[in-house]
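A.B. asks: just to be clear, the model below is a prediction. Sequence and coordinates:
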Amino acid sequence: MRRSLVILAVLALLLVSYPFPPSDAQTFRPVVRGRRGVVAGGHPLSVEAGMRILQQGGNATDAGVATILAASVIEFSHFSFGGEVPIIIKMKGKEVSVVEGMGPAPMKATREFFVNREKNAASGMATMAGAKTGTIPSTGPLPATVPAVLDACVVALDQFGTKSLAEVIQPAIELADGFPIDELRVQYIKTRGTVFSQWPDARRIFMPNGEVPKVGDIFVQTDLARTLREIVNAEKQASRRNRNAREKRHLGLTAARDYFYRGPVGQRIGDYMQRNGGLIASGDLARFHARVGTPVKAEYRGYEVYKAGFWTAGPALVETLNLLEGYDLKKLGHNSPDYIHTLAEALKLALADRDRYYGDPDFVKIPTTQLLSKGYAALRRSLIDQQQASLAQQPGDPLNMKAVLAGATQRVSRASAVREVERANDTTCVNVIDKDGNLFSATPSGAWLPAVVAGDTGVLMGQRLQSALMDPNSPNVVAPGKRPRITLTPTVVLRNGAPFMVLSTPGGDNQDQALLQVLLNIVEFGMNPQEAVEGARFDTQHYVSSFDDHEFLPASLNVESRIDEKTIAELKSRGHKVKVQSDWGTLSAPTVIVYNPQTKVSSAGADPRRGRYAVAW
């Protein structure tokens, strides 16, 4: 009898602690837990918007969309309404789906246009007001792609949500009417003001009365609030024309997106951009429609890790996991020299394939099956020298199933020449799990400061076209109507087919490197979500940068100084060009939520590095 009670007690402890054992680790923040839902993101007010919708009876998709829309108003240092947002959704009883929230290049965005622009700039001819360094500039009207946020949100609501756009966008409208501005946004306005002040509407909005706002001031975006209300009014008008509730909701959502993309807002955006040196025209907005696509998947030791397709960097994480499956990572030891070296070398190989093969599948043929196969990974794994860091960029040859592509051009090391205030300013993240275990992960980004504001619409225009290349042989070469390959990479994880985890992060090319470490911290080393995001991290820049002038820094390895000096010394001895960052110096900042299907408890971690936030109910 006593033995049975002991067994029951042990089983109960395991059930409560699933999927991680009890931990006495000290973290800056506690794990956030709830049974009715958890929302995690980049700002407390963004997260509050999502939680409000959960408490009003919405599901994970409804709450996720509300969080995205709120973030698009208040997180403008890193993301706003004119940007982009890939989303991965797993609803109960349905397959994992991807909302392809990335707008294409304008139809005027030809390679020849940018080649000629560069030639003109070299000869001293001005090509546009405020033209900056780089073949495709990092700032101004030229790098704007078609805004994708609203359509992605509408598609997600229409196919996976339950609420109207009016309901989920209400918190965003309230925030546009005014919110207390924080230190980070004030800093970005102050440091980027010299750039965006050349565009009158941006200067008018972000420097009211010609001054930088003070921390705690009520920051108002009157034009954007009016635009959002106009969109909602279009939805309400269309909804009145049909009595069937489901059809009414669909027609309302369609009318809202059409008002923006095919109606007055799209026309005003196109007209403004054409008058002010941009490439986007109203027809570009009218042609765009976000699709629901199929994810790619890694099967890693009982876990199914889902990423968006080859129009993003996401499949590189699948390739990396396939490579790492051949190692006993627990035996290597967390953040040991062997562990960091192995992960860094695997990431280099995956990112080399990304740079060689990934692009918009509508325009290029990609050997997807071969790139993601276990057999290809086994061939590539043999390239990892456990004692020496690779200095070469080594894409493989998946079509011929060879470890290295013969004759691949080696990149030349060079650092970026783009001024700090003009460089890409990153991203935010949104993750939600609801009471039913529905999973929602998104990586909103783009249209960050410094940005052009499209006149009286209040919509900041994006800069994502800078992620396309000028190399005519690259699958990511710029072309009209083509999506640049992006770094944005939300993540959904199942465990033996059951809902398990959502995670995403800002961080540019560092995103999947950070998510890999957080994922392994949980599934390999048993950390709880807060331990997993707070753990010391590292990243390599041994890839062609997706931003600005596309720098390449071979063998580079950024390491937070919490990693001990002996480990750093050993990494240097293996040939890594180590840059020691501050204790919390990495640019990534994930949120992660883990779901227990037995207790229906969701547990979240939010990285303190950049003010991530999670709330449970």
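C.D. replies: Yep, it's here. Numbering: from 1, shown residues only.
A.B. asks: any regions of the protein where pLDDT drops low?
C.D. replies: Along the chain, the parts satisfying pLDDT under 70 run over 1-23, 120-134, 242, 409-425.
A.B. asks: what's the longest helix in it?
C.D. replies: helix 337-357 (DSSP state H).
A.B. asks: next one: it to chain centre, how far?
C.D. replies: 20 Å (CA atoms, centre = their mean, to the nearest Å).
A.B. asks: can you point out the buried residues in that helix?
C.D. replies: By neighbour count with 16 or more other CB atoms under 10 Å, helix 337-357 contains the buried residues 337-357. Where C-beta positions appear, they are placed from N, C-alpha and C, glycine not excepted.
A.B. asks: dump it to PDB, restricted to CA.
C.D. replies: Presented in PDB, the C-alpha positions along helix 337-357 are these (Å, rounded to 0.1, in the frame of the first residue of the first chain):
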ATOM      1  CA  PRO A 337      33.000  24.800 -25.800                       C
ATOM      2  CA  ASP A 338      32.000  21.600 -27.700                       C
ATOM      3  CA  TYR A 339      28.300  22.600 -27.600                       C
ATOM      4  CA  ILE A 340      28.700  26.200 -28.800                       C
ATOM      5  CA  HIS A 341      31.200  25.100 -31.500                       C
ATOM      6  CA  THR A 342      28.800  22.300 -32.800                       C
ATOM      7  CA  LEU A 343      25.800  24.600 -32.900                       C
ATOM      8  CA  ALA A 344      27.700  27.400 -34.600                       C
ATOM      9  CA  GLU A 345      29.200  25.200 -37.200                       C
ATOM     10  CA  ALA A 346      25.800  23.600 -38.000                       C
ATOM     11  CA  LEU A 347      24.200  27.000 -38.200                       C
ATOM     12  CA  LYS A 348      26.900  28.100 -40.700                       C
ATOM     13  CA  LEU A 349      26.000  25.200 -43.000                       C
ATOM     14  CA  ALA A 350      22.300  25.800 -42.800                       C
ATOM     15  CA  LEU A 351      22.700  29.500 -43.400                       C
ATOM     16  CA  ALA A 352      25.000  28.800 -46.400                       C
ATOM     17  CA  ASP A 353      22.200  26.800 -48.000                       C
ATOM     18  CA  ARG A 354      19.700  29.600 -47.100                       C
ATOM     19  CA  ASP A 355      21.900  32.200 -48.900                       C
ATOM     20  CA  ARG A 356      22.400  29.900 -51.900                       C
ATOM     21  CA  TYR A 357      18.900  28.400 -52.400                       C
END
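A.B. asks: am I right that V39 is in a helix?
C.D. replies: No: looking at V39 with DSSP: H, G, I helix; E, B strand; the rest coil, it is strand, so not inside a helix.
A.B. asks: ok, and the closest non-adjacent residue to G293?
C.D. replies: V98 (4.6 Å; CB to CB, 6 or more residues apart in numbering).
A.B. asks: ok, now P475?
C.D. replies: The spatial neighbour of P475 that comes closest, neighbours along the chain excluded (CB to CB, 6+ apart), is G359 at 3.2 Å.
A.B. asks: mind checking how far that neighbour is from D258?
C.D. replies: Applying CB to CB, to the nearest Å, the value for G359 to D258 is 29 Å.
A.B. asks: these two: which has the busier surroundings?
C.D. replies: G359 (24 against 18; other CB atoms under 10 Å).
A.B. asks: if we can go back for a sec, could you say what helices and strands the longest helix of the chain packs with?
C.D. replies: Helix 337-357 is packed against helix 315-324, helix 329-332, helix 511-523, strand 538-540, strand 556-560, helix 565-573, with contacts defined by 3 or more CB pairs under 8 Å, 6 or more residues apart in numbering; DSSP states H and E.
A.B. asks: next SSE downstream of it?
C.D. replies: Under the assignment DSSP states H and E, the closest C-terminal helix or strand after helix 337-357 is helix 368-371.
A.B. asks: for whichever helix or strand comes after that following helix, list the C-alpha coordinates in PDB.
C.D. replies: Sequence-wise, the next helix or strand downstream of helix 368-371 (DSSP H and E) is helix 374-381. Taking C-alpha atoms only, helix 374-381 is exported to PDB below (Å, rounded to 0.1, in the frame of the first residue of the first chain):
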ATOM      1  CA  LYS A 374      17.800  13.500 -43.200                       C
ATOM      2  CA  GLY A 375      20.100  11.900 -45.800                       C
ATOM      3  CA  TYR A 376      21.300  15.300 -47.000                       C
ATOM      4  CA  ALA A 377      21.900  16.400 -43.400                       C
ATOM      5  CA  ALA A 378      24.100  13.300 -42.800                       C
ATOM      6  CA  LEU A 379      26.300  14.300 -45.800                       C
ATOM      7  CA  ARG A 380      26.600  17.800 -44.600                       C
ATOM      8  CA  ARG A 381      27.300  16.800 -41.000                       C
END
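A.B. asks: begin at 9, not 1, for the rest of this chat.
C.D. replies: Sure thing, new numbering starts at 9, so read that last one as helix 382-389.
A.B. asks: and helix 382-389, what's buried?
C.D. replies: Within helix 382-389, the residues that count as buried by 16+ other CB under 10 Å are 384-385, 387-389.
A.B. asks: swap in stretch 498-510?
C.D. replies: Buried-residue list, stretch 498-510, by 16+ other CB under 10 Å: 498-503, 507-510.
A.B. asks: which ones among those map onto strands?
C.D. replies: Secondary structure from DSSP state E places 499-503, 507-510 of those in strands.
A.B. asks: how about the residues you listed in TSV, adding distance to F227?
C.D. replies: Converted to TSV, these look like this (distance: CB to CB, whole Å):
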residue	distance to F227
T499	32
V500	34
V501	37
L502	40
R503	42
P507	37
F508	38
M509	35
V510	30
